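In: the following block contains a protein sequence and its predicted model.
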Amino acid sequence: MIDLKVFSKRRDRFMSQLVSRAAIIPAASLVTHHADCDFPFRQHSDFWYLTGLDEPDAIALLLPYRKHGERFVLFVNPKEPSEEVWQGSRWGTEGAISRFGADIAHPIDQFSKLLLDYLEGAEGIVFRVGQHPKVEPLVLQVWSEHLDKSPRTGAAPLSLEAPCPFLHKLRLYKEPEELERMRVAASISAEAHELARKAVRPGLNERFIQGLMEQHFLEQGARGPAYGSIVAGGDNACVLHYTANNAPLRDGDLLLIDAACSMGDYYNADITRTFPVNGTFTAEQLAIYQVVLEAQQAAIATVLPGNNAEDVHIAAVRILVEGLLDLGLLKGSIDGVIEQGAYRHFYMHRTGHWLGLDVHDVGSYRLGEHPITLEPGMVLTVEPGLYFSDRLPVPDGQPLIDERWMGIGIRIEDDVSVSKSGYEVLSAAACKSVEELTFTC
Ligand code: GLY
Ligand code: MN
Ligand code: MN
């Protein structure tokens, strides 16, 4: 687990960006699964990043304008034996101070009463609307009270801003400790992919492979899957968010697995591998696999400081389009196909996304017209794919796709961090060369 001093440094950096604004950062709440049963708790990543406290319904206030008062305030569920017997022990207000470094802590039911005073002197409020239905009305009410009395007091927080420009910019650059945790997540996930590949055979159910991989995540100390594992045989791979995972694996089909773990401190991997269920590619599967692999390698090679995520995407798209033209699956020129977007019927998603505490992590991709430049510490996935299904339409003016290509869905996804001199593939331990996938690695 990351040292608690790291959280304190993050709060300092965040507060220096806030200048005279108050930040209100709520924890997640439990989410109902059905009736009175909840999903396992998942902390809100912003709250976790700043506090390291893994309890529901807490709220952190960061108040940099209080030069001599409390600048880091936590509201938490107080200790209550009759509730802790059901839900497990809590840190309470004392733990919030002694363990999590709050300057002061209050029971959560004091929030609406005390917020008015804590916002005294703030020039603006930083709070994410739309995500915290219990906290939002309280924040708006207190803000409104400040505005109501401002003709008398002469001051009130005047703006309500999302945390994105301040906090999410910090989260975009991973600290060395974070990169280390992401290496662990990627390494456990890569091992699970290898277990799956070695176990696979025709007749097994997709669910068996899911179970095998998720068992490995848990055995290795991860919290569980980072997102709904996708274990998709044959045509199921052409459903991008397939999570039913309940079909038998067929001889002659490919198996696409997009699965990875989330660590106890929420750092994630996100890995996809695709390989033949029976250990041998058909000619068509092999042709598409080689195109996707080449596109992925070309895209990874562009993950360099000074480039941007659009460069990575374009590098993949060019190779994919070239491959589709060579195979007669598209017609036209590379530039013409890219311009018209005809390739999007076979490649309908982007080549990657930021990765971190959220699988689709926070951080902008563009600033106005300008793509964000890749810099050391940023981590992104590189995940080109091609999908052929008779459920997908053929673009106007393009060749009809012969039946022998149908049911091929291939994606290859790695997690790549930008370093000073280039990049590091965090998930490199998961095999992906044709030789490795067709013979024992
Ligand atoms: N596993 C989700 C994604 O690849 O974006
Ligand atoms: Mn991904
Ligand atoms: Mn994925």
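Out: Yep, that arrived. Numbering: from 1, shown residues only. Ligands and ions are numbered 1, 2, ... in the order given.
In: all helices of the stretch 51-200 of the chain, in order?
Out: Remark: helices assigned in the stretch 51-200 of the chain by DSSP state H, counting those that start in this stretch are 81-87, 92-98, 111-118, 136-153, 169-172, 176-199.
In: for the record, mean pLDDT for the shortest one?
Out: It stands for helix 169-172. Average pLDDT, helix 169-172: 96.
In: over to the first one?
Out: For helix 81-87, mean pLDDT rounds to 94.
In: repeat that for the third one.
Out: For helix 111-118, mean pLDDT rounds to 96.
In: on that earlier part again, out of the helices of the stretch 51-200 of the chain, which comes closest to ligand 3?
Out: Ligand 3 lies closest to helix 176-199 among the helices of the stretch 51-200 of the chain, at 10.1 Å (C-beta to the ion). In short, each C-beta sits where N, CA and C put it, glycine included.
In: helices and strands around the next helix or strand along the chain from that closest one, which ones?
Out: The helix or strand immediately downstream of helix 176-199 is helix 206-219, counting by DSSP states H and E. Contact here means 3 or more C-beta pairs under 8 Å, 6 or more residues apart in numbering; DSSP states H and E; on that basis helix 206-219 packs against helix 176-199, strand 224-225, strand 230-233, strand 254-258.
In: which one of the helices of the stretch 51-200 of the chain lies nearest to ligand 1?
Out: helix 176-199 (10.9 Å; C-beta to the nearest ligand atom).
In: now that closest one against helix 206-219, angle please.
Out: Per axes from the mean of the first three to the mean of the last three C-alpha atoms, to 10 degrees, the angle that helix 176-199 makes with helix 206-219 is 140 degrees.
In: can you add distance to ligand 2 and mean pLDDT and give the helices and strands packed on helix 206-219 back as TSV?
Out: Below are the helices and strands packed on helix 206-219 laid out as TSV (distance: least, C-beta to the ion, whole Å; pLDDT from 0 to 100):
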stretch	distance to ligand 2	mean pLDDT
helix 176-199	12	97
strand 224-225	13	98
strand 230-233	10	98
strand 254-258	7	98
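In: how about those, which one is nearest residue 157?
Out: helix 176-199 (31.4 Å; C-beta to C-beta).
In: that closest one packs against which elements?
Out: By 3+ C-beta pairs under 8 Å, 6+ apart, helix 176-199 packs against helix 206-219, strand 254-258, strand 261-262, strand 272-276, strand 414-418.
In: still on that earlier bit, which one of the helices of the stretch 51-200 of the chain lies closest to residue 129?
Out: helix 136-153 (6.0 Å).
In: for the closest one, buried residues please.
Out: Going by neighbour count (16 or more other C-beta atoms under 10 Å), the buried part of helix 136-153 is 136, 138-139, 142-143, 146.
In: how about those, which pair is most distant?
Out: Farthest pair in the buried residues of helix 136-153, by C-beta to C-beta: 136 and 146, 15.9 Å.
In: quick one on the thing from earlier: residue 118: which of the helices and strands packed on helix 176-199 is closest?
Out: Closest among the helices and strands packed on helix 176-199, using C-beta to C-beta: strand 261-262, at 32.9 Å.
In: what's the following helix or strand after the helix or strand hosting residue 387?
Out: Following DSSP H and E, one finds residue 387 within strand 385-388. Proceeding N to C from strand 385-388, the next assigned helix or strand is strand 408-411, under DSSP H and E.
In: ok, that following strand near ligand 1 or not?
Out: No. Using C-beta under 6 Å from any ligand atom, strand 408-411 stays clear of ligand 1, coming no nearer than 7.8 Å.
In: report the mean per-residue pLDDT for that strand.
Out: 98.
In: show me what contacts whichever residue of the stretch 301-441 of the chain sits closest to ligand 3?
Out: Nearest to ligand 3, among the residues of the stretch 301-441 of the chain, is residue 413, at 4.9 Å (C-beta to the ion). Going by C-beta atoms under 8 Å, 6 or more residues apart in numbering, residue 413 touches 258, 270-273, 381-383, 427.
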